[in-house]
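Chemist: kindly generate the corresponding structure for this input.
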Amino acid sequence: MALGSTTEPLRSELARALPERPFELNFWDGSTLPSTNGESGPVFSARSPRAVAHALGAPGQLGLSRAYVSGELAVDDIDALLDLLRGWTPPPIERPARRRLLLAAVRAAGIMRPPRPPGVELRPRGTRHSVARDARAVRHHYDVANEFFALFLDDSMTYSCAIFEDPATDGEPLESAQERKLETICRKLALTPGERVLDVGCGWGSFAIHAATRHGARVVGITLSAPQAAVARERAAAAGVADLVEIRVADYRDLDGEQFDAIASIGMVEHVGAAQIDAYAAALAAALSPGGRLLNHGIARLRHGNVEPGPFSDRYVFPDAAPMHLSRVLLALERAGFTCEHVESYAEHYARTLAHWARRLDEHAAEAERLAGAERMRVWRLYLRAARNGFQTGFTSIYQVRCRRA
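Modeler: Okay, the predicted model is just below:
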């Protein structure tokens with residue numbers, strides 16, 4: 001703590017600016033700003049003056065995200081935090097109050113240089129959704145460690161929404177629900193032996209391997225992550241379908257006139273962006289033979305007028321990802337010459353999937369932190385719960401859209 005600093009003026013100004021506080025805030029000097037709502041609500045702990053410096057250096061969600069990811073600001077219960085964000089709207093703080101808070105914060109934190117952003121923060125450079133920038137964004141999310149993802153995914157390494165027999169209950173293992181999802185996609189695509197199938201955003205190869213082993217399809221999977229591709233090839237060989245499954249490190253814009261009988265795009269459309277969705281749909285249409293089938297499986301925003309994901313998601317989780325409304329995706333597919341035959345929502349299923357992932361990650365917390373580091377572990381613990389919250393509250397859904405090329 002800086003010489004002569006004190007948190008008392010800061011606590012007083014915060015109490016004045018936030019007369020109703022359904023949370024508790026503890027400071028590094030042992031003092032507390034209590035909740036005005038009894039004992040309910042989350043407890044925040046500002047572990048050092050750097051927590052305040054982060055908040056001052058980038059006011060709003062970005063500064064708070066940096067304080068949290070760096071470990072300078074802790075919260076005892078992430079689920080309680082999400083409940084708070086859903087049900088509490090802080091009052092507006094006028095300019096005189098902001099000035100008083102700033103002066104009090106300087107007294108509390110002392111004079112210091114702005115702390116560096118956390119090491120896991122990424123701000124991509126270049127043209128948004130260019131091939132190079134998309135590749136960098138994908139690597140930021142996926143090139144952590146394959147072993148890290150294996151700690152919370154099922155045995156098939158399927159990193160997308162499972163389909164449960166009953167998503168309202170917690171009795172079914174994740175493995176069987178993911179197998180049901182993979183089979184559902186194969187069934188909707190009506191795959192037959194020998195057909196040539198494109199798997200866009202193939203991940204660690206779960207769909208490609210399932211389509212080859214269960215339906216005799218010849219699958220080309222593409223991903224922008226080289227570590228993912230290496231594991232997918234190994235898994236295909238172990239499953240005995242290396243002759244049917246080809247995994248490439250490639251962008252969907254690199255297909256160069258190849259033709260397929262069917263395409264599965266699973267968890268990919270969220271990363272395309274509104275500016276590229278028409279080009280994306282056109283590329284998929286160009287890759288399909290006449291009469292070919294497409295299954296597009298992706299997250300969609302439900303509420304019109306909501307802003308895109310904030311700095312926490314954009315800097316730490318999925319840079320440049322911006323789920324669109326289902327209507328925009330359907331429009332792009334129709335413009336590209338697809339006839340949409342079936343649409344199905346799986347929001348409850350994704351909420352259950354994320355609950356499985358969050359629990360599994362917590363069960364392997366020590367190993368996950370060893371593999372990914374403390375900062376990234378904090379990101380993932382919040383991200384998995386925040387994503388689940390989005391599906392539970394009607395902010396997002398996930399849809400499977402089955403189409404046919406004219």
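Chemist: for the rest of this, base every contact and every neighbour count on C-alpha atoms.
Modeler: Fine.
Chemist: quick one: low-confidence parts of the stretch 301-406 of the chain?
Modeler: 306-308 (pLDDT under 70).
Chemist: where do the helices of it begin and end?
Modeler: Per DSSP state H, counting those that start in this stretch, the stretch 301-406 of the chain carries helices over the ranges 311-312, 326-335, 347-363, 365-372, 374-392.
Chemist: could you do the stretch 51-200 of the chain as well?
Modeler: Counting by DSSP H, counting those that start in this stretch, the helices of the stretch 51-200 of the chain are 61-70, 78-87, 95-109, 131-142, 146-150, 174-189.
Chemist: of the ones you listed, which approaches Ile222 most closely?
Modeler: Ile222 lies closest to helix 131-142 among the helices of the stretch 51-200 of the chain, at 12.1 Å (C-alpha to C-alpha).
Chemist: contacts for the closest one next, please.
Modeler: Outside helix 131-142, the residues that touch it by C-alpha atoms under 8 Å, 6 or more residues apart in numbering are 122, 124-128, 224-225, 228, 251, 317-320.
Chemist: centre of the chain to it, how far?
Modeler: Put simply, helix 131-142 sits 14 Å off its chain's centre (C-alpha atoms, centre = their mean, to the nearest Å).
Chemist: may I see the buried residues of that helix?
Modeler: Val131, Arg133, Asp134, Ala135, Arg136, Ala137, Val138, Arg139, His140, Tyr142 (16 or more other C-alpha atoms under 10 Å).
Chemist: what of stretch 117-126?
Modeler: For stretch 117-126, by 16+ other C-alpha under 10 Å, it's Pro117, Pro118, Val120, Glu121, Leu122, Pro124.
Chemist: for Ser40, list the residues it contacts.
Modeler: Pro22, Phe23 are the contacts of Ser40 under C-alpha under 8 Å, 6+ apart.
Chemist: per-residue confidence for it?
Modeler: You'll see Ser40 listed with a pLDDT of 76.
Chemist: for it, which three-state class applies?
Modeler: coil (DSSP: H, G, I helix; E, B strand; the rest coil).
Chemist: so how far is Leu81 from it?
Modeler: 11 Å (C-alpha to C-alpha, to the nearest Å).
Chemist: number of residues surrounding Asp154?
Modeler: 20 (other C-alpha atoms under 10 Å).
Chemist: ditto for Thr6
Modeler: Neighbour tally, Thr6, other C-alpha under 10 Å: 19.
Chemist: tell me which element it falls in.
Modeler: Following DSSP states H and E, one finds Thr6 outside all helices and strands.
Chemist: leaving out sequence neighbours, find the closest residue to it.
Modeler: Using C-alpha to C-alpha, 6 or more residues apart in numbering and skipping the chain neighbours, the partner closest in space to Thr6 is Ala108 (4.7 Å).
Chemist: how about Gly292?
Modeler: Asp261 (5.0 Å).
Chemist: using a markdown table, lay out the contacts of helix 131-142 together with distance to Gly71.
Modeler: Shown next, in a markdown table, are the contacts of helix 131-142 (distance: C-alpha to C-alpha, whole Å):
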| residue | distance to Gly71 |
| --- | --- |
| Leu122 | 17 |
| Pro124 | 23 |
| Arg125 | 26 |
| Gly126 | 30 |
| Thr127 | 32 |
| Arg128 | 30 |
| Leu224 | 31 |
| Ser225 | 28 |
| Gln228 | 29 |
| Asp251 | 36 |
| Val317 | 17 |
| Phe318 | 20 |
| Pro319 | 21 |
| Asp320 | 24 |
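Chemist: contacting residues for Gly41?
Modeler: Gly41 neighbours (C-alpha under 8 Å, 6+ apart): Pro22, Phe23, Glu24, Ser35, Ala80, Leu81, Leu84.
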